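Novice: Pasting the sequence and the predicted model now:
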Amino acid sequence: MRRGLTHLLTLTAVALLLAPATARADGYFSPWVAANTNSTFDSGRAGFGFNAGAMGAGIIGGEVDLGYAPSFFGSTAKFGNNSFVDVMGNVILGVPVGGTYGASFRPFVTAGVGLMRTQMDGGSLVNVSSSHNDWGWNAGVGAMGFFNDHVGVRGDVRYLRNIVNNSTTSTIDLAEGGFHFWRASIGVVLR
């Protein structure tokens, strides 16, 4: 009995060693800087963050987007200490022109949902402290260009909007909120 088990374990180990390697996702990490624009508040507020994700066969995948914009609503004199934070889970679709290794170019579209947090602490125009956590969504287009197997540049433009939950006990109504803006970002991408 022990001898049969030893043979089985040996054959299993040999089969695993000779089996073809499994396909791996094309993972990446991209820190970025951005300009945020909207029509309600001061335009062109800076932000920063990162995207991290993976794409199977370089075509479809998922990513996490984390963004932070200090003084998002305007100067601290008018709005006090204020900021915006988003954490989104996205689906990304891209076409790897030139392949998934070496120098290549990958245009993509992305969309997803997540959390959006706004915060204001006083100021001459707003003399109250306020913070809101809302669900939100984002959608955008962009491109990644790689110089070699591991380093490249990524840029995208995306639209972000909050979702207001107008739910009652008998119905669920997720309406678009009034808070929305565009973000244009650029950064290095590492894979």
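Specialist: Alright, I've got the coordinates.

Novice: Quick check: closest non-adjacent residue to the most centrally placed residue in the chain.
Specialist: Geometric centre of the chain, nearest residue: D65, 2.0 Å, by CA atoms, centre = their mean. Beyond its immediate neighbours in the sequence, the residue positioned closest to D65 (CB to CB, 6 or more residues apart in numbering) is M88, lying 4.4 Å away. Glycine gets a C-beta too; all of them are placed from N, C-alpha and C.

Novice: The one you found bridge partners, please.
Specialist: Beta-bridge partners of M88, counted by DSSP bridges, are D65, G114.

Novice: do the same with the one 4 residues further on
Specialist: Listed beta-bridge partners, I92: G61, T110 (assigned using DSSP bridges).

Novice: Pretty sure L190 sits against N148.
Specialist: No - L190 is not in contact with N148 according to CB atoms under 8 Å; the separation is 11.0 Å.

Novice: more crowded one of these two?
Specialist: Legend: neighbour count by other CB atoms under 10 Å for L190 and N148, higher for L190 (15 against 11).

Novice: For the more buried one, grab phi and psi.
Specialist: phi -120, psi 130 (degrees, to the nearest 10).

Novice: For the residue lying closest to it once chain neighbours are set aside, identify the helix or strand it belongs to.
Specialist: With sequence-adjacent residues excluded and distances taken as CB to CB, 6+ apart, L190 is closest to F29, at 5.1 Å. Assessed by DSSP states H and E, F29 sits inside strand 26-37.
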